[in-house]
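1. coords please:
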Amino acid sequence: QVQLVESGGGLVQAGGSLRLSCAVSGSSFGSYRMGWFRQAPGKERAFVAGISWRGVSTYYADSVKGRFTISRDNVKNTLYLQMNSLKSEDTAVYYCAAGSGGWRNTDMRYWGKGTLVTVSS
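-> Numbers count the residues shown, from 1 in each chain. Next up is the predicted model:
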């Protein structure tokens with residue numbers, strides 16, 4: 001069993017930055033691909049960024065490329081999402097997830113409870 005706890009969300013002005021963290025416990029963090037997903041009000045939960053189990057490969061949704069950076073620390077068992085140049089459309093609940101397949105919601109085996117990011121324009 002894997003437990004994921006997100007932190008770092010909050011209110012920020014457009015153009016600002018936030019860093020999300022996801023603390024992972026309960027199993028072998030280093031064996032999972034990790035991802036960030038988000039769900040905006042009235043929308044489906046969507047992929048934002050993903051990282052391979054070693055951290056060598058990263059993947060991004062087109063909407064965040066060049067602004068967000070995903071990283072992981074396999075010693076601290078923590079996943080990060082650095083978000084820069086935030087826009088109002090980035091407002092959403094952000095979820096951390098762990099899996100071993102692709103980057104669809106159904107590919108992820110474990111989920112955190114989410115952290116709210118609100119970007120004011």
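
2. So residue 30: helix, strand or coil?
-> helix (DSSP: H, G, I helix; E, B strand; the rest coil).

3. Touching, it and residue 55? I think so.
-> No: taking contacts as C-beta atoms under 8 Å, residue 30 lies outside contact range of residue 55: 9.2 Å. The C-beta positions use only the backbone N, C-alpha and C, and glycine is treated the same way.

4. shared neighbours, the two?
-> residue 74 (C-beta atoms under 8 Å, 6 or more residues apart in numbering).

5. Ends of stretch 19-38, what's the gap?
-> Stretch 19-38 stretches 14 Å from its first residue to its last (C-alpha to C-alpha, to the nearest Å).

6. Is the most centrally placed residue in the chain within a helix or a strand, and which one?
-> Nearest to the mean C-alpha position of the chain, counting by C-alpha atoms, centre = their mean, stands residue 36 at 2.3 Å. Secondary structure assigned from DSSP states H and E places residue 36 in strand 33-39.

7. which residue sits closest to residue 109, ignoring its sequence neighbours?
-> residue 99 (4.9 Å; C-beta to C-beta, 6 or more residues apart in numbering).

8. Okay, now the unreliable bits of the chain?
-> 27 (pLDDT under 70).

9. Show me where it has its strands.
-> 3-7, 10-13, 18-25, 33-39, 46-51, 58-60, 68-73, 78-83, 92-99, 108-111, 115-120 (DSSP state E).
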